[in-house]
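Engineer: What follows is a protein structure lacking sequence information:
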């Protein structure tokens, strides 16, 4: 019997793999104030599930394609003079509803919607772990490669243009990385909780990070702790694992917010 034969070890490895990709990327979502952006991309994932079932392709490929398409649509709308919060809200909920309807129309396939909506991290196999970590390493390489450009375009678009960096290009690259994270996370925490994993660890780390790099590292650590505590709590109290992981992350956020207030940080 090897270590990977233990389903709790596989769950932990899968959860940490998702966090390693989601937490640093989520920092850019927080800095750009794009919470609804993550929601819209994540909710589109269920439509990707419907396409993968209908055309008999891998769930990862279907979810990635649809999440990427949604991310590109949202990026295109970002340059228009529209109320972005309203538009993203419409896209987010519409994508989720259309996806649920599409899944119900797929003939000859029994679908456990709960596993796609809230994840089933305890059921991940060795192949899932390999796919998750391969995607996580791709996202980490992308962030290492484009960190300076992404950061400059996020914090000061005018300075980025002056330095020869295209904010539009950086946003499209960010959209592609976000689509990878959504495709990775759907089996772990599900569609409805992906955006929470993107947002809560960076938001928890923000008051205690003096530099963007420290915030990304601290967010990854907080996300890893959330995964560990969530799996242990779910196993102990027999609760749904994905929501329990997010609940632990939310608890850490509450504690960090209180600590930041006591220390006079914002």
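Structural biologist: Done, it's in. All values derive from a computational prediction rather than experimental measurement.
Engineer: Report the mean per-residue pLDDT for stretch 249-258.
Structural biologist: When pLDDT is averaged along stretch 249-258, the result is 95.
Engineer: er, stretch 118-131 I mean
Structural biologist: 89.
Engineer: got it, and stretch 149-164?
Structural biologist: Mean per-residue pLDDT for stretch 149-164: 90.
Engineer: Also stretch 190-197?
Structural biologist: Here stretch 190-197 scores 86 as its mean pLDDT.
Engineer: Which neighbouring elements make contact with the host helix or strand of residue 137?
Structural biologist: For residue 137, the element it lies in under DSSP states H and E is helix 126-155. In this structure, helix 126-155 packs against helix 7-31, helix 157-162, helix 167-185, with contacts taken as 3 or more Cβ pairs under 8 Å, 6 or more residues apart in numbering; DSSP states H and E. Every C-beta, even on glycine, is put in place using the N, C-alpha and C of the backbone.
Engineer: Same list (those) but as CSV, adding mean neighbour count.
Structural biologist: Shown next, in CSV, are those (neighbours: other Cβ atoms under 10 Å):
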stretch, mean neighbour count
helix 7-31, 24
helix 157-162, 14
helix 167-185, 23
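Engineer: Which among these is found nearest to residue 123?
Structural biologist: helix 7-31 (7.9 Å; Cβ to Cβ).
Engineer: which residues sit in contact with residue 218?
Structural biologist: With contact set as Cβ atoms under 8 Å, 6 or more residues apart in numbering, residue 218 has these partners: 205, 208, 209.
Engineer: Would you mind listing the outside residues contacting the worst-scoring helix or strand of the chain on mean pLDDT?
Structural biologist: Lowest by mean pLDDT, DSSP states H and E among the helices and strands of the chain is helix 35-43, with a mean of 78. Here helix 35-43 makes contact (Cβ under 8 Å, 6+ apart) with 26, 29, 67, 70-71, 74, 84-85, 88-89, 91-93, 95-96, 99, 175, 178-179, 182, 185, 191-192, 194-195, 198-199.
Engineer: Okay, angle between it and helix 167-185 too, please.
Structural biologist: Interaxial angle, helix 35-43 versus helix 167-185 (axes from the mean of the first three to the mean of the last three Cα atoms, to 10 degrees): 50 degrees.
Engineer: Mind giving me the packing neighbours of whatever helix or strand comes next after helix 35-43?
Structural biologist: Remark: after helix 35-43, the chain's next helix or strand is helix 45-54, criterion DSSP H and E. For helix 45-54, the elements it packs on are helix 59-77, helix 84-105, helix 113-118, helix 167-185, helix 191-205, judged by 3+ Cβ pairs under 8 Å, 6+ apart.
Engineer: quick check: mean pLDDT across the fourth one?
Structural biologist: The one in question is helix 167-185. 89.
Engineer: What ranges in the stretch 1-150 of the chain fall below the confidence cut-off?
Structural biologist: 1-5, 78-85, 108-111 (pLDDT under 70).
Engineer: Name the nearest residue to residue 42, sequence neighbours excluded.
Structural biologist: Excluding the flanking residues, the one nearest residue 42 by Cβ to Cβ, 6 or more residues apart in numbering is residue 194, at 4.0 Å.
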